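S.K.: Got a sequence here, can you build the structure:
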Amino acid sequence: MFRFLIYCLMSLPIALSAQEREPLMTPDRMFQIALALDPDARPLPNGIEMTIENVPVLIVADIVANRMRAMVPIRLAEGMTPEELERVLQANFDTALDARYALANGRLWAVYIHPFAQLERDQFISGIAQTVNIANSYGTLFSGGAAQFGAGDSVDLQRDLLQELLDCGQEL
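M.R.: Purely as a prediction, here's the structure:
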């Protein structure tokens, strides 16, 4: 019991002073971060279109609903076998991390969803990297890339994308 209480206390966030807190996410701040990742990013009425490693990424933000979605189309859902559907559900449990596979409008998507106002720069960048990674690894590792079991080259390659994107947005 005592160890559990210590663990709970250690898990509590430490209050930061106003100077230490990251600025709140705004549509303009989100766009500035996106521009650091892709200088050709384009604003949309409710989001951003951008490209990361030749992968089209659509960011949709709804300030009123306090939601943000980063989405990458992967393939048509038609023709997916029961085994493929089972595999993406398994990946949602263990290797996709914070990104997820989702079906909508007859298409399989890689999606990262987060409350907009609470979204921090590194979470936004990590979510984009994970979304691109699960789209790119569909059919093979089905991985968000930041943490997974096993060894091999894939872990380092996928982590490289996250680090590269974090480095691009470092000064924001």
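
S.K.: all helices of this protein, in order?
M.R.: Using DSSP state H, the helices found in the chain span residues 2-11, 27-37, 82-94, 121-136, 153-168.

S.K.: Longest strand in the chain, please.
M.R.: Looking across the chain with DSSP state E, the single longest strand is strand 67-76.

S.K.: Direction-wise, compare that strand with helix 82-94 and give the angle.
M.R.: 150 degrees (axes from the mean of the first three to the mean of the last three Cα atoms, to 10 degrees).

S.K.: elements contacting strand 67-76?
M.R.: strand 55-62, strand 107-114, helix 121-136 (3 or more Cβ pairs under 8 Å, 6 or more residues apart in numbering; DSSP states H and E). All C-beta atoms are positioned from the backbone trio N, CA, C, and that covers glycine.

S.K.: Switch these over to JSON lines; also include distance to Ala77 and mean pLDDT.
M.R.: Listed next are the helices and strands packed on strand 67-76 as JSON lines, based on distance: least, Cβ to Cβ, whole Å; pLDDT from 0 to 100:
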{"stretch": "strand 55-62", "distance to Ala77": "17", "mean pLDDT": "98"}
{"stretch": "strand 107-114", "distance to Ala77": "5", "mean pLDDT": "98"}
{"stretch": "helix 121-136", "distance to Ala77": "14", "mean pLDDT": "96"}
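
S.K.: Between the ones you listed, which one is closest to Ala96.
M.R.: helix 121-136 (5.1 Å; Cβ to Cβ).

S.K.: Return the most buried member of the helices and strands packed on strand 67-76.
M.R.: helix 121-136 (a mean of 25; mean count of other Cβ atoms under 10 Å).
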